[in-house]
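Colleague: Here's a sequence, model it:
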Amino acid sequence: MCPGLFLRPVWNTGPGIADRKVGGVSTLAVIGAGIVLSGELSAPVVEGADTVLCENGVITAVGPAESLSAELSAADRVLDAGGTTVAPGLIDSHAHVAFGDYTPRQQAIGFLEGALHGGVTRVISAGEVHVPGRPRDAEGVKALAVAARACFDNFSPGGIRVHAGNVLLEPVLTESDFDDLARCGVRLAKFGFGAYADPLDGVDQVRWAQDRGLLVMCHAGGASAAGSASLGADQLLALGPDVCGHANGGPTALADGDVDRLLHESDQALQVVQAGNLRAALRIVRAARATANLHRIVVGSDTPSGFGVLPLAILKTLADLCALVPLEPAVGWALATGNNATVWGLDAGRLRPGAAADLVVLDAPVGSVARSALEALSIGDIPAVAAVVTDGAPRLLRSRNTPRPARPTVLRSAAAPPP
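Modeller: Just a heads-up that it's a prediction; the model follows:
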């Protein structure tokens, strides 16, 4: 399968080629930030920074404007954040894409672009389980993953980048099939939807995938409406995936004791999702914090699903965690950006030189008692998305899905005078 195909990471491909100058350099300066979030759990705020410089889709500098005057004068475009919050774009680590910007599960078109309006700049497929007539034979299983990966390498709805092609593990897959998948650029695998008589029969497939560099996520908790297995701590510890998917329920949560066992007896990342159990999500994050394991918490939506299409799912989850755990909002933001990037090996999720220029400008929504995006999150309000940039290109100025920001964000060419 795919003989001779050049093997390269899929994570560095994506949108933005059309936004770059032909034969030149395209630069964007984001200025006037009141606060800059790093996406790093260890230091979630970039102290003293009010400016982010992007060149050809990559962040080249983060710092105070006075130390970047030469670079600012050379920028093609300037995005003035007007005293608001500038942060890494959110990463949805659990979305069930199919093909195109369409979900057969909810008969909805444009759900991925809708997520962009919720501050999401990257989406990771948790398995293309909703494709009608999903194949179960080995060649079909492989072909679905390869086709999904290749299609989304060439398709970025609204500028959002989708990391797709998540092979759904089935007992018919042999060790050589994983050689085929790796050779064809598949980097994701999912356990929990295969026709296994006993979940532990899948241990070999999980290891074969991991041995070839595929990141394995495992369904956790009760069975889903899409026909998954019901898996608890005993099975998850034996299977040993990289990520315990939706530990707070997809939609039925793991037992509290099972979560505690995973925290203490494994190094699996524990995923919390919006389409799950809120009580369980709060408990998981509190337990992770109490045991110095916040670096293992990752965030996803687990939509589209029976819960529907939720463009603001990641923002809503962060508002819930920040207000109710409670979490410092800058720390909460890192769970859905830098933490996700670390686990999945992405070049995004952080505002630092060398990272992908994916970022979001946020503010308190009009009418909130909060004075900033971070204050809004701390009281459970969803912040207003004022602008989204992916691959160094502004994609939108003001979200169609969040309330209006309290302060405007202005985009202009560098030659134009400030308003």
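Colleague: would you list every one of the strands in the stretch 301-419 of the chain?
Modeller: Taking DSSP state E, counting those that start in this stretch as the test, the strands found in the stretch 301-419 of the chain are 359-363, 384-390, 393-397, 410-413.
Colleague: and the gap between residue 263 and residue 237?
Modeller: According to CB to CB, to the nearest Å, residue 263 and residue 237 sit 11 Å apart. Where C-beta positions appear, they are placed from N, C-alpha and C, glycine not excepted.
Colleague: These two - which one has more neighbours?
Modeller: The neighbour comparison of residue 263 against residue 237 (other CB atoms under 10 Å) goes to residue 263, with 20 against 16.
Colleague: Check the offset of the helix or strand where the more buried one lies from the chain's centre.
Modeller: Element membership for residue 263 (DSSP states H and E) is helix 256-265. The chain centre lies 24 Å from the centre of helix 256-265; the measure is CA atoms, centre = their mean, to the nearest Å.
Colleague: Packing partners of it?
Modeller: helix 233-239, strand 269-273, helix 278-290 (3 or more CB pairs under 8 Å, 6 or more residues apart in numbering; DSSP states H and E).
Colleague: so can I have TSV of these showing distance to residue 67 and mean pLDDT?
Modeller: Listed next are the helices and strands packed on helix 256-265 as TSV, based on distance: least, CB to CB, whole Å; pLDDT from 0 to 100:
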stretch	distance to residue 67	mean pLDDT
helix 233-239	48	97
strand 269-273	36	98
helix 278-290	35	98
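Colleague: Dump these to JSON lines, plus distance to residue 149.
Modeller: JSON lines is the format used below for the helices and strands packed on helix 256-265 (distance: least, CB to CB, whole Å):
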{"stretch": "helix 233-239", "distance to residue 149": "23"}
{"stretch": "strand 269-273", "distance to residue 149": "21"}
{"stretch": "helix 278-290", "distance to residue 149": "30"}
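Colleague: Out of those, which gets nearest to residue 246?
Modeller: Shortest separation from residue 246 across these is recorded for strand 269-273, at 4.5 Å, computed as CB to CB.
Colleague: Just checking: what are the partner strands of the closest one?
Modeller: Strand 269-273 has its sheet partners listed here by DSSP bridges as strand 243-244 (parallel), strand 297-300 (parallel).
Colleague: angle of that strand against helix 278-290?
Modeller: Interaxial angle of strand 269-273 relative to helix 278-290 (axes from the mean of the first three to the mean of the last three CA atoms, to 10 degrees): 150 degrees.
Colleague: just for the chain, where's the confidence low?
Modeller: For the chain, the stretches with pLDDT under 70 are 1-25, 226, 415-419.
Colleague: Need the phi and psi values for the residue nearest the centre of it.
Modeller: Centroid-nearest residue in the chain, with CA atoms, centre = their mean: residue 91, separated by 1.9 Å. Main-chain torsions, residue 91, degrees, to the nearest 10: phi -120, psi 120.
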